[in-house]
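Engineer: Sharing a model that was predicted from the sequence below.
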Amino acid sequence: MSNTIPNHVGIIIDGNRRWAKQRNLPSFEGHKKGYENVGVIARHAFERGVKILSIYAFSTENWKRSKEEVSYLMNLLKLMFSRDTDKLVEDGIRLKVSGSRDKLDQDLLDLIDTSQYKTKDGTKGILNICFNYGGHQEIIEAVKKIINSRASAETVTEDLIKSYLYTADLPDPDFIIRTSGEQRLSGFLTWQSVYSELYFPSKHWPEFSDKDFDGALEEFNQRQRRFGGN
């Protein structure tokens, strides 16, 4: 069996609320624990040799949740961008935020821009936070930009469309993990995931450990990636 480390890993961090409910805790506690675990798993992933880690942190559909929960999640993201940026700089990790800027308040947008700028020279890995992200929305925005560029139909190719996606500067994910047992992508990297290997562990995200991540890498190494060629 090979011992290949996927270059780009995507994680759909699912199960924060279920983890909290099982422990008779408010959902906010699950989100807090989940936020803390992003740092734990990200550090471990980069130590193992992963070059890009994409985290599905907040989808365009998550706005449908209660105002209280959405507000809490926004504040968690603000905390991450304000508190963790210096550590990312120290570790040589570049932060990228992929998603729509619609509906985000100016304070949060400023924090995002500042964090991305401060970490732009990081060369040891890329932490891509998919925030206010939806795969359909990403493709719609790309198509609008192509139309506005007045590109002719003959020039529209896969490469052209990719160049207008949020992740234009990133390779497609090799491996996508969704915790908590749900077996769907829910709009995560819709265009980019067509040949990604998928893995659906049953553990909720707050309890997904570095050993569980290592187990996921072992599973990745058991797959035969064919890309439709054979």
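Structural biologist: That came through fine. The structure presented is a predicted model; accordingly, all values stated were derived computationally and were not measured.

Engineer: Show residues contacting stretch 80-88.
Structural biologist: Under the criterion Cβ atoms under 8 Å, 6 or more residues apart in numbering, residues 35, 38-39, 94-95, 108, 111-112, 114-115, 118-119, 122, 127, 129 lie in contact with stretch 80-88. Heads up, the C-betas are built off the backbone N, CA and C, glycines and all.

Engineer: Buried ones among those?
Structural biologist: Buried by 16 or more other Cβ atoms under 10 Å: 35, 38, 94-95, 108, 111-112, 115, 118-119, 122, 127, 129, out of these.

Engineer: Can I get those in TSV including distance to Phe188?
Structural biologist: As requested, the buried ones among the contacts of stretch 80-88 are exported to TSV (distance: Cβ to Cβ, whole Å):
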residue	distance to Phe188
Tyr35	18
Val38	15
Arg94	20
Leu95	19
Leu108	21
Leu111	23
Ile112	19
Ser115	22
Lys118	26
Thr119	23
Gly122	23
Leu127	16
Ile129	12
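
Engineer: Any chance of the backbone angles for the most centrally placed residue in the chain?
Structural biologist: Nearest to the geometric centre of the chain sits Ile55, at 2.2 Å (Cα atoms, centre = their mean). Dihedral pair for Ile55: phi -110, psi 130, per degrees, to the nearest 10.

Engineer: From here on, call the first residue 45.
Structural biologist: Got it, first residue is 45 now, which makes that one Ile99.
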